[in-house]
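Trainee: Sequence first, predicted coordinates after that:
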Number of protein chains: 2
Amino acid sequence: MKIGDLAAKTGVAPRLLRYYEEVGILHPFRSGNGYRTYGEAAVDRVLQIRELLDAGFTTEMIRQVLPCLGDPRPSTCTAEVDLDVVRRQLGNVERRIDVLQRNRDAIKTYLRAWEEGTGVTSDA
Amino acid sequence: MKIGDLAAKTGVAPRLLRYYEEVGILHPFRSGNGYRTYGEAAVDRVLQIRELLDAGFTTEMIRQVLPCLGDPRPSTCTAEVDLDVVRRQLGNVERRIDVLQRNRDAIKTYLRAWEEGTGVTSDA
DNA sequence: CTTGACCTTCACATTAATGGAAAGGTTTAG
DNA sequence: CTAAACCTTTCCATTAATGTGAAGGTCAAG
């Protein structure tokens, strides 16, 4: 699959697919003419990258944890996974979840107050 | 409290406190000489801002939901809260939590596999 | 009054993620 | 063969969040 095909299947611009390769989170092969070649698995990988980026991860964090995420590691992945880094990222993720949950609850409480008619002192 | 005091109490550089004001998520008073003046509540507000930024929020998102987060709204807050925007952000937060939880679980599973000695096919 | 430690605004630099154009090679359709 | 539609790399632009430095005002201590 060439870059345009992958872009079509994932909705992610070729420009970004090249960027993801540059920062080391996507590893296409090269065919004789120099064109990037992707396997079917790349579709899911790209979608997962998008999901993580949209959730506020940086490509650096993604690079550090992607090998853990059930990705079909190509044999080129020579155990370059630093478990301590992964553990740190796990703590990171858990802290984020915590912050997000607390704020989600606060927002929900706020909205419920409004929906129950009481509203909030509108200090207008 | 002047900007340097707030910086000392929160560990956030004065430059950033000015920036937060510029993007509308922090609203100090001005004393006669033009100096920014912050109340005690600003400390918590800044810490909450940092927490949200660290969790991957943008200042724009923070600006939209901060009024909902139990902040002591100054009387200058004339109900400029768009409930639909808040609801959208709530959905946003919930999606993020979902992504984070799924990935946290994947990472934990991965780590557990390693810690149980089995490891992962190291394709080295 | 002078000095040092604040404060102000303004402006430029940087990193990450992204968009875009330029210049040129490849492939496919006609 | 040629033209359209791909692909390549390189470089420049933008936005967000942040760092930094200049030029100047204010204030408290000596």
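Mentor: Thanks, I have it.
Trainee: And residue A:108, how far from chain B?
Mentor: Residue A:108 is 7 Å from chain B, where distance means CB to the nearest CB, to the nearest Å. Backbone N, C-alpha and C define where each C-beta goes, glycine included.
Trainee: ok, now which ones touch that residue?
Mentor: By CB atoms under 8 Å, 6 or more residues apart in numbering or on different chains, the residues touching residue A:108 are residue B:90.
Trainee: could you check the distance from it over to residue A:45?
Mentor: Separation of residue A:108 from residue A:45 (CB to CB, to the nearest Å): 34 Å.
Trainee: got it, and residue A:39?
Mentor: As judged by CB to CB, residue A:39 and residue A:45 stand 9 Å apart.
Trainee: In terms of neighbours, single out the busier of those two.
Mentor: residue A:45 (21 against 13; other CB atoms under 10 Å in any protein chain shown).
Trainee: do the helix or strand where the more buried one lies and chain B meet?
Mentor: Residue A:45 is part of helix A:41-54 when elements are defined by DSSP states H and E. Yes - under the criterion of CB under 8 Å from any CB of the partner chain, chain B is reached by helix A:41-54 at A:51, A:52, A:54.
Trainee: Tell me the pLDDT of residue A:80.
Mentor: For residue A:80, the pLDDT comes out at 63.
Trainee: Just want the angle from the strand or helix carrying residue A:110 to helix B:41-54.
Mentor: Assigned by DSSP H and E, residue A:110 belongs to helix A:83-115. When axes from the mean of the first three to the mean of the last three CA atoms, to 10 degrees is applied, the directions of helix A:83-115 and helix B:41-54 differ by 120 degrees.
Trainee: can you list the residues of chain A near DNA strand D?
Mentor: Contact residues (CB under 7 Å from any atom of the strand) of chain A with DNA strand D: A:2, A:3, A:4, A:5, A:7, A:14, A:18, A:34, A:35, A:36.
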